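Engineer: What follows is a predicted protein model with its sequence.
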Amino acid sequence: MIGKKMEGALNEQIREELGSAYLYLAMAGHFAAEGWDGMAGWMRVQAAEELEHAMRLFDHVVERGGRVKLHALAEPEAKWASPLAAFHAAYKHEQHITACIHGLVELAQKENDHAAAAMLQWFVSEQVEEEDHTLKAVQLLERVGSEGRGLVMADRELGRRVAEKD
Ligand code: FEO
């Protein structure tokens, strides 16, 4: 049976992951409206992954006899000044999520919740990838600059991303 503290913290993280999906969907909509189909696709894949992250936490709470409580999601931005600005915001967001995950690991240790600690290890590794993917996109966009031709190439490159299976 999951403890109340851990249950509450995981419900909060479900909100964070769903909020991440919401943010990346907003970015997907923004890129689609601006005609950047590759980057829109990248963000759609990312949003789908975030939903999976939320469901991993959801399942853990349920499997341990806890109660899922879904909290309200904040409304994300709808526009970004440039592709680089959007991907930079995504990178910053992933750093925030990493800090959340590390906080959860510390709580699991404090609570002697070995089951949650084991489940959260997957997220620790996943966050290394999440930061890496978003930072690589930022670096690509920094390299190509804000001119049309380079951005078209970057859009094509980022559009190659396909859903990854864990
Ligand atoms: Fe679920 Fe992008 O962290």
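Structural biologist: Arrived safely. Numbering: from 1, shown residues only.
Engineer: Who are the contact partners of L23?
Structural biologist: Residues near L23 by CB atoms under 8 Å, 6 or more residues apart in numbering: 76-77, 90, 93. Glycine gets a C-beta too; all of them are placed from N, C-alpha and C.
Engineer: ok, and for the helix or strand hosting it, which residues are buried?
Structural biologist: Using DSSP states H and E, L23 sits in helix 4-33. By 16 or more other CB atoms under 10 Å, the buried positions in helix 4-33 come out as 6-11, 13-31.
Engineer: which of those residues are close to the ligand?
Structural biologist: 17, 20 (CB under 6 Å from any ligand atom).
Engineer: Low-confidence regions, this structure specifically.
Structural biologist: 163-166 (pLDDT under 70).
Engineer: Which single residue in it comes nearest to the ligand?
Structural biologist: Distances between the chain and the ligand by CB to the nearest ligand atom are smallest at H53, namely 3.8 Å.
Engineer: Spell out the secondary structure type for that residue.
Structural biologist: Using DSSP: H, G, I helix; E, B strand; the rest coil, the structure places H53 in helix.
Engineer: Near the ligand, which residues of this protein are found?
Structural biologist: So far as CB under 6 Å from any ligand atom goes, the chain lies against the ligand at 17, 20, 50, 53, 94, 97, 130.
Engineer: Verify the stated contact: the first one with E49.
Structural biologist: What it means is E17. No. Counting by CB atoms under 8 Å, E49 is not a contact partner of E17; they are 9.3 Å apart.
Engineer: For this protein, just list every one of the helices.
Structural biologist: Along the chain, the segments classed as helices by DSSP state H run 4-33, 37-63, 83-110, 114-144, 148-158.
Engineer: Any buried residues in the longest one, and which?
Structural biologist: Residues 116-117, 119-120, 123, 126-127, 130, 133-135, 137-138, 140-141, 144 are the ones in helix 114-144 that count as buried (16+ other CB under 10 Å).
Engineer: ok, now the third one?
Structural biologist: Counting neighbours by 16+ other CB under 10 Å, one finds that the buried residues in helix 83-110 are 83-84, 86-91, 93-94, 97-98, 101, 104, 107-108.
Engineer: How about the last one?
Structural biologist: Of the residues in helix 148-158, those scored as buried under the neighbour-count criterion (16+ other CB under 10 Å) are 151, 154-155, 157-158.
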